[in-house]
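Novice: 3D model of this:
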Amino acid sequence: MLVDLNVSWPQNGYKDQVSDEELTKLKTTLSTLHTLGYSHIALNFTVNQSDKFPNNVRDMNPMQIDTRFKDLMETTGLKIYSRITLIIDDPSKGQSLSKISQAFDIVAALPVSEKGLGLATTSLDIDILTFNYGNRLPTILKHKNICNCVNRGVKVEIVYAYALRDIQQRRQFISNVRNVLRASRLRGIVVSSGAQSALECRNTLGVSSLLRTLGLTNDQCSRSQGENASLALLNGRLRNGSYKQVIVMGSGAGADNNIVDQTGFPSQHPVGKRTMTQAMTTTTTTDDVNEHKKPKRQ
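Specialist: Alright, predicted model coming up:
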């Protein structure tokens, strides 16, 4: 399973409007990724954290995936998700993530200053930590900050589209990726395209050949596009579909006994809901076993 968690949404803020030409171009990019073997894709809406957000949670997500991409998902079988990337500069002017995370499947942070990097790696409840690989990093990355961020379950993203645009960005991309790999010690790496057009899409062989020259092994390249990316998506989906990552499988006497997968991934172990009679039988059997284990009094 190949996962791409960063396909650029053609909108730079809530004041901008998406045209029909931009939507057609975006659908072409998604179709190209599907042809290259990707099955789960996240549309990335990048916005500054200090900008004014809508008061209503429903208005925070401008993508309308279910209506705009319904035909594409039905014909290709693609799973399309929503992602917001917050550009963090001054932590004192930031918005609260508790309300923003309710409108998106994935929440990512893009720090552009040293204070923003410190906030993103310590206390923010995010799924992905990313950088602008076309420019210099905001500060020197330290092992302690990045590894503590990875230990919390946050994935560090590498966006390879910057290596395909021009020579200057390609040079900066190589330098930044090496710093990120050194600070993270090759742990928790996620590779995304950041594609703005179909020409910036690459298959897994092309991405792996690029990353191997920067220090990743073949196994790490495959995990960065599959396992690690799916874990980041799963963690983001569980934030809204569970309470402390505990999912309610059903309710009421007439509920379906089949598992309801709220994360979008197929269940490997189907679990059925027990009836009251089965629960009482299990409790009685457990009590009998415990009674049998008690030592007999002389």
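Novice: only C-alpha atoms for contact and neighbour calcs from this point on.
Specialist: OK.
Novice: quick one: the strands in the stretch 1-150 of the chain?
Specialist: Assigned by DSSP state E, counting those that start in this stretch, the stretch 1-150 of the chain shows strands spanning 2-8, 38-48, 79-88, 106-111, 128-129.
Novice: ditto for the stretch 151-298 of the chain
Specialist: 155-159, 189-192.
Novice: and M249, what's its pLDDT?
Specialist: pLDDT recorded at M249 is 53.
Novice: one more: N135?
Specialist: 91.
Novice: equivalent analysis for R171, please.
Specialist: Reading off the model, R171 has pLDDT 92.
Novice: can you give me the neighbour number for it?
Specialist: By the criterion of other CA atoms under 10 Å, R171 has 15 neighbours.
Novice: S184 now?
Specialist: Around S184 there are 23 residues (other CA under 10 Å).
Novice: check contacts around it.
Specialist: Counting by CA atoms under 8 Å, 6 or more residues apart in numbering, S184 makes contact with H143, I146, C147, V150, V156.
Novice: V107 now?
Specialist: Per CA under 8 Å, 6+ apart, neighbours of V107: R83, I84, T85, L86, S101, I126, D127, I128, G236.
Novice: quick one: which two of these are the most distant?
Specialist: L86 and G236 (14.9 Å; CA to CA).
Novice: with adjacent residues omitted, what lies nearest to T122?
Specialist: C149 (6.6 Å; CA to CA, 6 or more residues apart in numbering).
Novice: got the strands of the stretch 1-150 of the chain as CSV, with mean pLDDT columns?
Specialist: As requested, the strands of the stretch 1-150 of the chain are exported to CSV (pLDDT from 0 to 100):
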stretch, mean pLDDT
strand 2-8, 92
strand 38-48, 93
strand 79-88, 93
strand 106-111, 93
strand 128-129, 94
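Novice: need these in CSV (columns: distance to L205).
Specialist: Shown next, in CSV, are these (distance: least, CA to CA, whole Å):
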stretch, distance to L205
strand 2-8, 12
strand 38-48, 13
strand 79-88, 22
strand 106-111, 26
strand 128-129, 23
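Novice: for V207, which of those strands is the nearest?
Specialist: strand 2-8 (11.7 Å).
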